[in-house]
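Engineer: quick check, what structure comes out for this input:
(one chain, ligands or ions: 1)
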Amino acid sequence: MSYLKDVSTGLKPFSPLTTEDLCFECGELITAGAVRYDGYATPEELKCLYLHPSCAAIVGQRLITDGYPNRR
Ligand SMILES: [Zn+2]
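Structural biologist: Reported below is the predicted structural model:
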């Protein structure tokens with residue numbers, strides 16, 4: 001996971017699942033900074049997705065809310 005000041009620049013080690021200017025959470029265009037999340041699309045292939053920073057905070061909280069109590 002990385003913060004990018006500008007999605008059109010910066011290190012991009014993995015190809016995106018969606019276009020780089022689309023927020024995976026809300027579906028709106030990203031016109032400024034973004035959070036890039038890297039994960040496995042297949043057991044051998046990493047991909048990334050992009051989120052508005054505020055949407056990344058929402059996704060993170062939802063993942064914790066749903067995942068943490070059911071982690072075992
Ligand atoms: Zn968003």
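Engineer: which positions within stretch 31-48 qualify as buried?
Structural biologist: For stretch 31-48, the neighbour count (16 or more other CB atoms under 10 Å) marks 34, 35, 36, 37, 48 as buried. To be clear about C-beta, it is placed using only N, CA and C from the backbone, and glycine gets the same treatment.
Engineer: tell me if the helix or strand the fourth one falls within is near the ion.
Structural biologist: When elements are assigned from DSSP states H and E, residue 37 belongs to strand 34-42. No. Applying CB under 5 Å from the ion, one finds strand 34-42 out of contact with the ion, separated by at least 8.9 Å.
Engineer: can I get the buried residues of stretch 31-48 in a markdown table with pLDDT?
Structural biologist: Output for those, formatted as a markdown table (pLDDT from 0 to 100):
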| residue | pLDDT |
| --- | --- |
| 34 | 94 |
| 35 | 95 |
| 36 | 94 |
| 37 | 94 |
| 48 | 95 |
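Engineer: adding distance to residue 28, write those out as JSON lines.
Structural biologist: Putting those into JSON lines (distance: CB to CB, whole Å) gives the following:
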{"residue": "34", "distance to residue 28": "11"}
{"residue": "35", "distance to residue 28": "14"}
{"residue": "36", "distance to residue 28": "16"}
{"residue": "37", "distance to residue 28": "17"}
{"residue": "48", "distance to residue 28": "18"}
